[in-house]
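Q: What would the 3D arrangement of this be:
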Amino acid sequence: QGVTTETAQEVTNSISANPLKGTDWRLVKFQSMSDAIGTERPDDPSLYTMRLNSDGTVSMRLNCNRANGTWSAKPSSNGSSGNFEFGPLAMTRALCLPPSMDESIAAQAGFIRSYLLKDGRLYLSLMADGGIYTWEPISAESSSAPQKKQ
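A: Numbering: from 1, shown residues only. Alright, predicted model coming up:
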């Protein structure tokens, strides 16, 4: 039983130590390491959102499409960086009006290997220096209707 208790404690520690669980993000940009691609920014960042659920599932809005799947992260000792992976994503296949980043995000999600939390932003890096997706947090204030002052 001691092993079971230790394992449960390790699971509890890893859940509480993972700063990404239960967080909501909005895409800022994709920075390719290829000069031919350069920096891509969504026309409307509110159409590109990601929720990293505490149960290890992810739900995304990618322009006119939706994607769902799994994610996992293994934080480093400081917690602000570490390994990151998406599992297979199931995505709707509506044809979004161009320009759209939905297909490239879905295609590249399986190649994301690490994360960095810096200055309140989440940076998801592709393997082999392929590029970096930059996400900003979605606050409760920004996702709700503005309050009118009286």
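Q: Please spell out which residues along stretch 109-123 are buried.
A: Neighbour counts over stretch 109-123 (16 or more other Cβ atoms under 10 Å) mark 109, 112, 114-117, 122-123 as buried. Bear in mind the C-beta positions are built from the backbone N, C-alpha and C, glycine included.
Q: likewise stretch 93-105?
A: So for stretch 93-105, counting by 16+ other Cβ under 10 Å, buried means 100-102, 104-105.
Q: what about the nearest residue to residue 19 once chain neighbours are set aside, is that helix, strand or coil?
A: Nearest non-adjacent residue to residue 19, counting by Cβ to Cβ, 6 or more residues apart in numbering: residue 79, 5.3 Å away. What DSSP: H, G, I helix; E, B strand; the rest coil gives for residue 79 is coil.
Q: let's number from 30 now, not from 1
A: Done: numbering now begins at 30, and the last item shifts to residue 108.
Q: most centrally placed residue in the protein?
A: By Cα atoms, centre = their mean, the chain has its centre lying nearest to residue 79, at 5.4 Å.
Q: Quick check: which helices or strands does the host helix or strand of that residue pack against?
A: According to DSSP states H and E, residue 79 maps onto strand 77-81. Where contact means 3 or more Cβ pairs under 8 Å, 6 or more residues apart in numbering; DSSP states H and E, strand 77-81 is packed against strand 52-61, strand 86-91.
Q: Make TSV out of those and add mean neighbour count, distance to residue 156 and mean pLDDT.
A: Output for these, formatted as TSV (neighbours: other Cβ atoms under 10 Å; distance: least, Cβ to Cβ, whole Å; pLDDT from 0 to 100):
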stretch	mean neighbour count	distance to residue 156	mean pLDDT
strand 52-61	19	13	97
strand 86-91	19	18	98
